[in-house]
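A.B. asks: Sequence and predicted structure below; questions after.
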Amino acid sequence: MNEIIKISKLNKNYAGKYQALTDVDLSIKSGEIFALLGPNGAGKTTLISIICGLVRITSGIINVDGKNIDDQPREIRQRIGLVPQELTTNMFETVWDTVQFTRGLFGFKKNNDFIENLLKKLSLWDKRKSTLMTLSGGMKRRVMIAKALAHEPDILFLDEPTAGVDVSLRKDMWAQLHELRKSGVTIILTTHYIEEAEEMADRIGVINNGKIVIVEEKEKLIKKLGKKHISFELEKELTSIPERLSNFKLTVKDKTLNYEYDSKNTDVHISKLFDALKTEGITYKDINTKQSSLEEIFVELVKNS
Amino acid sequence: MNFQAIKTIYMFEMIRMFRTIGQSIAAPVISTCLYFIVFGSAIGSSIESIDGVSYGSFIVPGLIMLSVLTQSISNASFGIYFPRFTGTIYEQLSAPISYLEIVIGYVGAAASKSLLLGLLILGTANFFVDVSIQNIPLMAAFLILSCITFSLFGFIIGIWAESFDNLQFIPLLVITPLTFLGGSFYSIKMLPPIWQKISLLNPLVYLISGFRWSFYGNGDVNLRVSFIMTALFLIVSLLIIRWIFKTGYKLKT
């Protein structure tokens, strides 16, 4: 995939007091879903806001499709849609009018068929004549997405798109974003929900204290940093680990023997462990395996960064 | 130039005016009618004519200016403050629109509303007093220039304001008193010499005087000075707006 956004040595300092971003280097590939994870205040929103033109750059370079955002802001902004974190809407407007307004702001003439289709896709068609103040939080969030898509962008930023949205609506949104990706839209989302990144993203970036900690494909990240865990339900209680098993990182509690290992390792150790258990006469009636979740990896990364 | 965006902002603001027609148009027209009834017909009938113009007719330009100036400021300041207040300003800032286009959209709409209001008051005045306009192009020029200048000024207030109280502060506590003291209801020549000199520090004296000149062929100050002062105010407002967008004052961090 081609690189559609390239960020080099990006720094943001608010009023000479607070360093929000430090030497951020990041590339986004065309057509991917990229999830940016990070705790509160990590710099996720600042990063998105800079690319979208809402916050000024202190230093660094951002290119979108090879064009510098300072040199060709019009061309770049026309291609970008933004769903901000806050539900910022003009409450007196109707759904139809507010989506048309955004389309006009981006220099597009009215296209009723396109807007109708968009509202139908987002299950907003029935609400098109409703004022925003009468909509639920989830519906308002959909309106924000409709507004961000009103000018047919090929890059979409979503800043915590499902914050405060119930589970079923969240899953609906995920499906809609997958549909968008299929149509060629590059999607960059920030989220607190690890489950969301796990479900949606092709690649994941972790940001903490304004610095990019890691950027990796989701599967590779889990494989690279994830740990696997095997627990044996023993038939008899084990009071201590036998000498022969001391090479393995084993812990025992009551009738459970636990073994933890890096997922990137081969299974040589596992077969050795099984052989050693057999030699020691340790029998078991059940085995459970577990792989560390993205959430556990994220917590570990943030803790160590 | 993103004409579509300018049109979108302009139409959005104009539709807002029609949605709140009572507040935007009816209220200022009714209050001006009351001025004409009280000062023009009731009290005015017992006041001598000023420079050969009946008192009722004399106050017409001042009353138009009073409404035009306060409404220009209110409309433009509210227009840009409301998206700042609700947070929807992110749309304008992230859209492919230049600052000039944003200003043309908001200020253009606010100035249009004020112009419409000024013409409505002028029409209404005809029902109460005799109004003659000696120089229609000059009257139109002053009216349009005032609408644009004070809409620009209102736009600045809308960017500066931190609360709805701030929005009301300048029109109510600065513009209205300055308009009243700027010769809306009297000629400053009627004041003692010292107050005449002090009045010349009031920028609205020049505006009202020039506008009145276009109606009756005479004013408190020289017509050319009036025009230069109004144009100067326009330029200062433009320079401040240019600075706001250049620095991102209260818009971008």
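C.D. replies: Cool, the structure landed. Numbering: from 1, shown residues only, chains lettered A, B, ... in the order given.

A.B. asks: Which strands and helices lie in contact with the one helix or strand residue A:118 maps to?
C.D. replies: For residue A:118, the element it lies in under DSSP states H and E is helix A:112-121. Applying 3 or more C-beta pairs under 8 Å, 6 or more residues apart in numbering or on different chains; DSSP states H and E, we find helix A:112-121 packed against helix A:95-105, helix A:137-149. To be clear about C-beta, it is placed using only N, CA and C from the backbone, and glycine gets the same treatment.

A.B. asks: one more time with 10 Å, if that's ok
C.D. replies: With contacts defined as 3 or more C-beta pairs under 10 Å, 6 or more residues apart in numbering or on different chains; DSSP states H and E, the packing partners of helix A:112-121 are helix A:95-105, helix A:137-149, helix A:167-182.

A.B. asks: now the helices for chain A?
C.D. replies: Here chain A has its helices, by DSSP state H, at A:44-51, A:73-77, A:95-105, A:112-121, A:137-149, A:167-182, A:194-200, A:218-225, A:268-280, A:294-304.

A.B. asks: Need the residues that contact the helix holding residue A:118.
C.D. replies: Helix A:112-121 is touched from outside by A:95-96, A:99-100, A:102-103, A:108, A:111, A:124-128, A:142-143, A:145-147, A:149-152, A:176, A:179-180, with contacts defined as C-beta atoms under 10 Å, 6 or more residues apart in numbering or on different chains.

A.B. asks: ok, and which of those residues reach chain B?
C.D. replies: With C-beta under 10 Å from any C-beta of the partner chain as the criterion, the contacts of helix A:112-121 include A:100, A:102, A:103, A:108, A:147, A:151 near chain B.

A.B. asks: Pipe those residues into a markdown table and attach neighbour count, distance to residue A:82 and pLDDT per row.
C.D. replies: Listed next are those as a markdown table, based on neighbours: other C-beta atoms under 10 Å in any protein chain shown; distance: C-beta to C-beta, whole Å; pLDDT from 0 to 100:
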| residue | neighbour count | distance to residue A:82 | pLDDT |
| --- | --- | --- | --- |
| A:100 | 21 | 17 | 94 |
| A:102 | 25 | 10 | 94 |
| A:103 | 23 | 14 | 95 |
| A:108 | 18 | 16 | 92 |
| A:147 | 25 | 9 | 92 |
| A:151 | 21 | 11 | 92 |
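
A.B. asks: So out of everything in the stretch 101-250 of chain A, what residue is nearest chain B?
C.D. replies: Going by C-beta to the nearest C-beta, chain B is nearest to residue A:104 of the stretch 101-250 of chain A, at 3.0 Å.

A.B. asks: what is the mean pLDDT for the helix holding residue A:118?
C.D. replies: Throughout helix A:112-121, pLDDT has a mean value of 91.

A.B. asks: And stretch B:112-131, by the same measure?
C.D. replies: Average pLDDT, stretch B:112-131: 89.

A.B. asks: what residues are up against residue A:249?
C.D. replies: Residues in contact with residue A:249 (C-beta under 10 Å, 6+ apart) are A:258, A:259, A:260, A:261, A:269.

A.B. asks: Once you drop chain neighbours, what's closest to the second one?
C.D. replies: Of all residues beyond its chain neighbours, the one nearest residue A:259 is residue A:230 (4.6 Å), with distances taken as C-beta to C-beta, 6 or more residues apart in numbering or on different chains.

A.B. asks: Next, count neighbours for the one you found.
C.D. replies: 17 (other C-beta atoms under 10 Å in any protein chain shown).

A.B. asks: go on, residue A:259?
C.D. replies: Residue A:259 has 20 neighbours, counted by other C-beta under 10 Å.

A.B. asks: Surely it is in contact with residue A:232?
C.D. replies: Yes. Between residue A:259 and residue A:232 there is a contact under C-beta atoms under 10 Å: 7.6 Å.

A.B. asks: what residues are shared contacts of those two?
C.D. replies: Counting by C-beta under 10 Å, 6+ apart, the shared contacts of residue A:259 and residue A:232 are A:250, A:273, A:277, A:287.

A.B. asks: Alongside chain A, which residues does the stretch 151-253 of chain B contribute?
C.D. replies: Proximity of the stretch 151-253 of chain B to chain A, by C-beta under 10 Å from any C-beta, involves residues B:247, B:248, B:251, B:252, B:253.

A.B. asks: of these, buried ones?
C.D. replies: When these are checked for burial by 16 or more other C-beta atoms under 10 Å in any protein chain shown, the buried set is residue B:251.

A.B. asks: Provide a list of residue ranges in chain A with pLDDT below threshold.
C.D. replies: Low-confidence segments of chain A, defined by pLDDT under 70: A:1, A:164, A:224-226, A:263-268, A:292-295, A:304-305.

A.B. asks: For residue B:87, state which of the contacts of residue A:249 is nearest.
C.D. replies: Nearest to residue B:87 out of these is residue A:260 (C-beta to C-beta; 46.7 Å).

A.B. asks: Which residues does the nearest residue in space to that closest one that is not next to it in sequence form beta bridges with?
C.D. replies: The shortest distance from residue A:260 to any non-neighbouring residue, by C-beta to C-beta, 6+ apart, is to residue A:229 (5.0 Å). Note on residue A:229: beta-bridge partners by DSSP bridges are residue A:260, residue A:290.

A.B. asks: Can you get me a residue count around residue A:229?
C.D. replies: Applying other C-beta under 10 Å, we find 14 other residues in the vicinity of residue A:229.

A.B. asks: From residue A:288, how far off is it?
C.D. replies: Distance, residue A:229 to residue A:288, using C-beta to C-beta, to the nearest Å: 8 Å.

A.B. asks: joint contacts of the two?
C.D. replies: In contact with both residue A:229 and residue A:288: residue A:258, using C-beta under 10 Å, 6+ apart.
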